[in-house]
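Chemist: here are the coordinates; sequence isn't available:
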DNA sequence: TAGATTGTTAATCGATTAACAATC
DNA sequence: TAGATTGTTAATCGATTAACAATC
């Protein structure tokens, strides 16, 4: 039993990483018209054990109902609170090349509560160009902009060779979370979070199991 | 001690996931002119403990030299073998919207041994359009193409609602690894690997630690 | 040689899973 | 009520870390 409003016990980071996955599945379930969902059914959908889901959620309170499962709308609302995404977050993007343009055009951010408010680049060829709803601003204005708008989240889509310098400026300006698309490990001070997206890393992870030509028998999963 | 050529003992998936990270760092180190690197120095660069690096690598053989560390070129070559990326892989991409276009234009794939050979979409508006070096093909030709060229890797960049159906066709045609950009959990048979990229999941993971307005004290990392 | 760093063992730490009383 | 499913405990499983003899 867990008293509502009680401070949480320690939450492993790996559990935190699963919460957005639960949230995503629950959003879909709500659209499909489900009012309740059991840990078993949710687990099957996500390829996760039901005990793990119950254990994860129990760290934050008692959300379920014996015999019925979890009320989708309630769990959704609670997960949004836990993840601090009940309100909208503002973000900036640095890098307006192919990748940056795609990121700037991706509608999924706004749909899910992350609003891109500015795009920066240091290439004179790109500055002033339109990308989606944005006009590319000079990188020299980045620090001032981040400070002035109290931006806490940034995405980096510049070449690997420039990424660390960009991160340094962002952090200095007050950014606390960086989604890094550059294929390089960033060094940031304590208190700043970095998440990385490098699709090639995922491909290389898969080819390990596929064998030399992809015809290997696969045992593990 | 490990006899060269010996079959590997069981390799945890989490270790496999780190190998591409080591590879990426080693490539950079080679460009910077380093001939040798110690587990300590590599670990500092990656934010990983030196013992973990040595343990991971020891699963595949004895690559290091006491007192000196690892020879960068040797370790690079060996990691490429282990990950089965000594030769080039062919890929197809499904989805030619904003995201798909960016993926198709991303030069990092080819640079790192993954060659995109075809782009498919089912929107008549997009079929025939040029994206980078590619001309968008009708989705109806996808299955035949994948079979004819023995494609084993595919990337999905279609709306969430269409992703599962696309995956089903790809798997049926012989694809064994899918890099999924659609924000949905795919169901695939055993023997097929799926890796997911959903940037919003990463953002939500970070906001948990940032507090309601990003000014929270951060303890964990 | 002396210093540095490996590969490996054993200990620690942490996460997952199974089981079940509680209860809707 | 009977059936279903939760929240939690304890057991299992697996990964990380520290330590150090071996040795380049």
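Modeler: Ah, there it is. What you see is a predicted model; the values in this text were computed from it and never measured. Numbering: from 1, shown residues only, chains lettered A, B, ... in the order given.

Chemist: Quick check, the residue in chain A closest to DNA strand D?
Modeler: At 2.6 Å from DNA strand D, residue A:64 is the closest residue in chain A, using Cβ to the nearest atom of the strand. C-beta here means a position set from N, CA and C on the backbone, and glycine is covered the same way.

Chemist: can you tell me which residues contact that residue?
Modeler: When contacts are counted by Cβ atoms under 8 Å, 6 or more residues apart in numbering or on different chains, residue A:64 touches A:39, A:54, A:57, A:70.

Chemist: Return only those of the residues you listed found close to DNA strand C.
Modeler: When contact is defined as Cβ under 7 Å from any atom of the strand, those meet DNA strand C at residue A:54.

Chemist: So which of the contacts of residue A:64 are in strands?
Modeler: residue A:70 (DSSP state E).

Chemist: which one among the contacts of residue A:64 gets closest to residue A:148?
Modeler: Set against residue A:148, the nearest of those by Cβ to Cβ is residue A:57 (39.2 Å).

Chemist: Per-residue pLDDT of that closest one, please?
Modeler: Looking at residue A:57, its pLDDT is 98.

Chemist: Leaving out sequence neighbours, find the closest residue to it.
Modeler: residue A:63 (5.7 Å; Cβ to Cβ, 6 or more residues apart in numbering or on different chains).

Chemist: Equivalent analysis for residue A:65, please.
Modeler: residue A:71 (7.2 Å).

Chemist: And that neighbour, what's its pLDDT?
Modeler: We have a pLDDT of 98 for residue A:71.

Chemist: Can you tell me which of the contacts of residue A:64 is closest to residue B:142?
Modeler: residue A:39 (36.4 Å).

Chemist: number of nearby residues for that closest one?
Modeler: Here the number of neighbours of residue A:39 (other Cβ atoms under 10 Å in any protein chain shown) works out to 20.

Chemist: Buried ones in the longest strand anywhere in chain A, by neighbour count?
Modeler: In chain A, with assignment by DSSP E, the single longest strand is strand A:114-121. For strand A:114-121, a neighbour-count test (16 or more other Cβ atoms under 10 Å in any protein chain shown) marks A:114, A:116, A:118, A:119, A:120, A:121 as buried.

Chemist: Contact partners for the third one?
Modeler: Just to be clear, that refers to residue A:118. Residue A:118 makes contact with A:92, A:93, A:134, A:137, A:145, according to Cβ under 8 Å, 6+ apart.

Chemist: any idea how far it is from chain B?
Modeler: Applying Cβ to the nearest Cβ, to the nearest Å, the value for residue A:118 to chain B is 16 Å.

Chemist: go on, the fourth one?
Modeler: With distances taken as Cβ to the nearest Cβ, residue A:119 is found 14 Å from chain B.

Chemist: Also the last one?
Modeler: From residue A:121 across to chain B, the span is 15 Å (Cβ to the nearest Cβ).

Chemist: pLDDT at that residue, what is it?
Modeler: On the pLDDT scale, residue A:121 gets 98.

Chemist: my read is residue A:92 is in a strand, agree?
Modeler: Yes: according to DSSP: H, G, I helix; E, B strand; the rest coil, residue A:92 belongs to a strand.

Chemist: Hmm, the residue nearest to residue A:65 is touching residue A:38, no?
Modeler: No: between residue A:71 and residue A:38 there is no contact under Cβ atoms under 8 Å: 11.3 Å.

Chemist: hey, which helix or strand in chain A has the poorest pLDDT?
Modeler: Of all helical and strand segments in chain A, the minimum by mean pLDDT, DSSP states H and E falls on helix A:98-105, at a mean of 91.

Chemist: Spell out which residues of chain A are next to DNA strand D.
Modeler: So far as Cβ under 7 Å from any atom of the strand goes, chain A lies against DNA strand D at A:1-2, A:38-40, A:50-51, A:54-55, A:57-58, A:62-70.

Chemist: could you flag which of those residues are buried?
Modeler: Buried members of the residues of chain A next to DNA strand D, scored by 16+ other Cβ under 10 Å, are A:38, A:39, A:54, A:57, A:63, A:64, A:69, A:70.

Chemist: Pretty sure the fifth one sits against residue A:74.
Modeler: Think residue A:63. Yes: checked against Cβ under 8 Å, the pair residue A:63 and residue A:74 is within contact range at 6.4 Å.

Chemist: ok so, going back, for the contacts of residue A:64, which one is nearest residue A:184?
Modeler: Scanning the contacts of residue A:64 for proximity to residue A:184, where the rule is Cβ to Cβ, the winner is residue A:57, at 35.7 Å.

Chemist: Measure how far stretch A:150-162 is from the centre of its chain, please.
Modeler: From the chain centre to the centre of stretch A:150-162 is a distance of 14 Å (Cα atoms, centre = their mean, to the nearest Å).

Chemist: that older thread, output the buried ones among the residues of chain A next to DNA strand D in CSV, with distance to residue B:203 appended to each entry.
Modeler: Below are these laid out as CSV (distance: Cβ to Cβ, whole Å):
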residue, distance to residue B:203
A:38, 28
A:39, 26
A:54, 26
A:57, 21
A:63, 23
A:64, 27
A:69, 28
A:70, 24
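
Chemist: and those, which of them are in helices?
Modeler: A:39, A:54, A:57 (DSSP state H).

Chemist: quick check, nearest of those to chain B?
Modeler: Nearest to chain B out of these is residue A:57 (Cβ to the nearest Cβ; 14.3 Å).

Chemist: Could you list the domains of chain A?
Modeler: Domain assignment for chain A by automatic domain parsing gives A:13-82, A:89-201.

Chemist: Ranking these by mean neighbour count, which comes first?
Modeler: Across those, the average number of neighbours (mean count of other Cβ atoms under 10 Å in any protein chain shown) peaks for domain A:89-201, which reaches a mean of 19.
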